[in-house]
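Trainee: quick one: sequence plus predicted model below, questions after.
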2 protein chains.
Amino acid sequence: MSIYPKNDLLIRAAKREPVERTPIWLMRQAGRYMPEYRELRKKAGNFKKFYKDVNLAVEATLLPYHILGVDALIIFSDILTPLESLGMRFDFKEGEGPVFENPIENEKDIEKLGQFNVKDVSYVGEIINQTGKRINYEIPVIGFCGAPFTLAAYMIEGRTSKDFKKTKKFMYEKPQAFKKLLDKLSDMLIEYLNFQISAGANAVQIFDSWAGYLTPDDYKEFALPPVKKIISSLKRTYQPVIHFTKGVAGFFDAMITSKADVYSVDWMIDLETVKEKLNNQASAQGNLDPIVLYASKEVIAKEAIKILQKWGNETGHIFNLGHGLMPDMSVENVKFLVDTVKEKSIR
Amino acid sequence: MSIYPKNDLLIRAAKREPVERTPIWLMRQAGRYMPEYRELRKKAGNFKKFYKDVNLAVEATLLPYHILGVDALIIFSDILTPLESLGMRFDFKEGEGPVFENPIENEKDIEKLGQFNVKDVSYVGEIINQTGKRINYEIPVIGFCGAPFTLAAYMIEGRTSKDFKKTKKFMYEKPQAFKKLLDKLSDMLIEYLNFQISAGANAVQIFDSWAGYLTPDDYKEFALPPVKKIISSLKRTYQPVIHFTKGVAGFFDAMITSKADVYSVDWMIDLETVKEKLNNQASAQGNLDPIVLYASKEVIAKEAIKILQKWGNETGHIFNLGHGLMPDMSVENVKFLVDTVKEKSIR
């Protein structure tokens, strides 16, 4: 089902094959900063109905193709999507994010989790499939999932957190049970990502958004091994895997052993350091501070060019932000960034 | 006025002189987690009255001496304290933290800032002086200030922030004005810390709590130079300077050029890496994840010992957390940590 895209800049950059210019896409590029997105969301009624409605989700996914001219489309979905299949009940509350009805409190709650059934997320496959068709396979469609640690953190906290108090307490006091949960999630995510690839995803990204709050030792013991397991278990022909962690500077050396094709980094680590450490063995994605997009176009151009220069003319870099776009950002500035990178990175 | 403390473990560790055991104190050790602190705060009425009331502030400062048996007392105060002297008006709102009436919005607001007058913070000197007397100069009294970048961020945001949007926009669009503000703050802080030292502080700590949200380049351009300027301008005989930055892993190499005696680090960087990079040229402080204190005593002991082992038997390490204690932590667990470190680090 996977049809190779016509514009394959992202795939070539991910595999360190020659590129004419640096590919660019942006995390949360289909998001609230776009009036068209807000219209679609209104139609859907709420966030969950939105990402489960194949037609609306495809429309959202496509917006950056038409409006920004990016080099890849990440499907509009949520990292929590597959958790319902395990019996987790949650809803998205306005201004609060996800809130779980039945957070994981102890080992028994882990044992009670159901078996993941990929049919429960068949709509995700449909979104991937239809997105490819709608753009006539012009650019890659990126599938994604949350990493096991990040999903476990949501399941234990029951909501977003500033300090991950419950998660860490669980991890420190019941490390074996915590690993059992991570393992269950890994198995689910292998199936989930393989399903996305078979549905036509041209690349997949694993988001370990919260692992950066761990010590390097705990990252290596808890967060990293399940990601390695997932990456080694994917059935791919050419599809690159992108591994994203926020706050990774203190354990980047460990992260880059995950065997991903691309490591997506935030802005708190220097791209020259990243390049040196990758040593032509993998590619990098990032690393503009999203906050730059609140500044003037002059600043946006300057900071974007700085990042392009840090990487230099070699292949192996996918331009992106260090984290996602924010709801109050200006579409005009975002578009200006995309245009600037496309223009200024021509080899 | 500065009287050398009887227990000088912290000073010796800061100067890499032999120690019988690792000294320990904890950031925010005089804080809301202690019922006695909450009583004092109630007496004061509000937070600002509390830190301006010499008697109550001294009582708060002393609590960890009696209750925890730590090796140093950081004065109970706030990093925003000296800003009133510049004409900044702010108050502390319950559950919100500081809120400024007149945040800095443009270059003119910087020019309008008043001249710092150390008399406006004479109560801080009194707190230092009386604390020393009250403990009969048994252990060091640590004075402190916020670093220029962190204070500038508060002044521009007008409150705590998750993304420092306004600060970064100001910094990117008006870098010269931003540097003028940092410079004004540096001059103030030099005077403020010198005053604290002359009032009897046996060590001073500079808190750059927010600099970790910057890119390494911006850290080097904006946050670091003013800290260097402050450190080089302090009139000290023996008093060590401790430089703290949260989220420092991506630019630790730059931070350690500030010429501080001690670098205080969070838990997202490995202490073995820190030690290697310091290469016997400076000492380290930290780096236990405060969240460990929510776990069982077994976990607390294990994680504390892990950090002691990472540093090893050499001098040059001051035990502390990677960030401050939290209001809902258990005094019993905190005391257990102090006892464990004191017992397990005996050479």
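Mentor: Structure's in. What do you need?

Trainee: quick one: the residue lying farthest from the centre of chain A from chain B, how far?
Mentor: Distance from the C-alpha centroid of chain A, by CA atoms, centre = their mean, peaks at A:Lys108 (30.2 Å). Going from A:Lys108 to chain B by CB to the nearest CB, to the nearest Å gives 19 Å. Placement of C-beta: from N, CA and C, glycine included.

Trainee: contact partners of whichever helix or strand that residue is part of?
Mentor: Element membership for A:Lys108 (DSSP states H and E) is helix A:107-111. Residues outside helix A:107-111 that contact it (CB atoms under 8 Å, 6 or more residues apart in numbering or on different chains) are A:102-104, A:174, A:177, A:180-181, A:184.

Trainee: which of these has the most neighbours?
Mentor: Highest neighbour count within the contacts of helix A:107-111: A:Leu181, with 26 neighbours (other CB atoms under 10 Å in any protein chain shown).

Trainee: how far is the host helix or strand of that one from where the chain is centred?
Mentor: A:Leu181 is located in helix A:175-198, with elements delineated by DSSP H and E. On the basis of CA atoms, centre = their mean, to the nearest Å, helix A:175-198 sits 16 Å off its chain's mean C-alpha point.

Trainee: partners of the helix or strand just after that helix in the sheet?
Mentor: Counting by DSSP H and E, the next helix or strand C-terminal to helix A:175-198 is strand A:203-208. The pairing partners recorded for strand A:203-208 under DSSP bridges are strand A:141-146 (parallel), strand A:241-245 (parallel).

Trainee: okay if I get those as JSON lines plus mean neighbour count, distance to B:Thr22 and mean pLDDT?
Mentor: Shown next, in JSON lines, are these (neighbours: other CB atoms under 10 Å in any protein chain shown; distance: least, CB to CB, whole Å; pLDDT from 0 to 100):
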{"stretch": "strand A:141-146", "mean neighbour count": "25", "distance to B:Thr22": "39", "mean pLDDT": "98"}
{"stretch": "strand A:241-245", "mean neighbour count": "26", "distance to B:Thr22": "31", "mean pLDDT": "98"}
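
Trainee: redo these as CSV? Include distance to A:Leu62.
Mentor: Converted to CSV, the strands paired with strand A:203-208 look like this (distance: least, CB to CB, whole Å):
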stretch, distance to A:Leu62
strand A:141-146, 10
strand A:241-245, 20
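
Trainee: ok, A:Glu101 - contacts?
Mentor: A:Glu101 makes contact with A:89-91, according to CB under 8 Å, 6+ apart.

Trainee: for A:Pro216, same thing?
Mentor: A:250-251, A:254, B:268-270, B:273.

Trainee: between those, which is nearest B:Asn279?
Mentor: Taking CB to CB as the measure, B:Asn279 sits nearest to B:Thr273 out of those, at 11.5 Å.

Trainee: so what does the closest one have for phi and psi?
Mentor: Reported as degrees, to the nearest 10, the phi and psi values for B:Thr273 are phi -60, psi -40.

Trainee: how many other residues sit next to it?
Mentor: 17.

Trainee: give the contact list for it.
Mentor: Going by CB under 8 Å, 6+ apart, B:Thr273 touches A:216, A:250, B:252.

Trainee: how does it look with 7 Å?
Mentor: Shown in contact with B:Thr273 (CB atoms under 7 Å, 6 or more residues apart in numbering or on different chains): no residues.

Trainee: which residues of the stretch 151-300 of chain A fall in strands?
Mentor: Under the criterion DSSP state E, counting those that start in this stretch, the stretch 151-300 of chain A carries strands at the ranges A:203-208, A:241-245, A:262-264, A:283-288.

Trainee: picking up where we left off before, and of the contacts of helix A:107-111, the nearest to B:Ile74?
Mentor: Minimum distance to B:Ile74 across the contacts of helix A:107-111 is 34.4 Å, recorded for A:Lys174 (CB to CB).

Trainee: give the contact list for that closest one.
Mentor: Applying CB under 7 Å, 6+ apart, the residues contacting A:Lys174 are A:Glu107.

Trainee: check which residues of stretch A:327-336 are buried.
Mentor: The neighbour-count check on stretch A:327-336 (16 or more other CB atoms under 10 Å in any protein chain shown) flags A:329, A:331, A:333-334, A:336 as buried.

Trainee: can you redo the residues you listed as CSV with pLDDT and secondary structure?
Mentor: Putting the buried residues of stretch A:327-336 into CSV (pLDDT from 0 to 100; DSSP: H, G, I helix; E, B strand; the rest coil) gives the following:
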residue, pLDDT, secondary structure
A:Met329, 98, coil
A:Val331, 98, helix
A:Asn333, 98, helix
A:Val334, 98, helix
A:Phe336, 98, helix
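
Trainee: now, among the residues you listed, which is nearest to chain B?
Mentor: Nearest to chain B, judged by CB to the nearest CB, of these is A:Met329 at 10.0 Å.

Trainee: correct me, but the closest one touches A:Tyr33?
Mentor: Yes - at 4.4 Å, A:Met329 counts as touching A:Tyr33 under the criterion of CB atoms under 7 Å.

Trainee: how confident was the prediction at the closest residue to A:Ala249 other than its chain neighbours?
Mentor: Here the nearest residue to A:Ala249 in space, its sequence neighbours aside, is B:Gly250; by CB to CB, 6 or more residues apart in numbering or on different chains that works out to 3.4 Å. On pLDDT, B:Gly250 comes in at 97.

Trainee: good, wrapping up.
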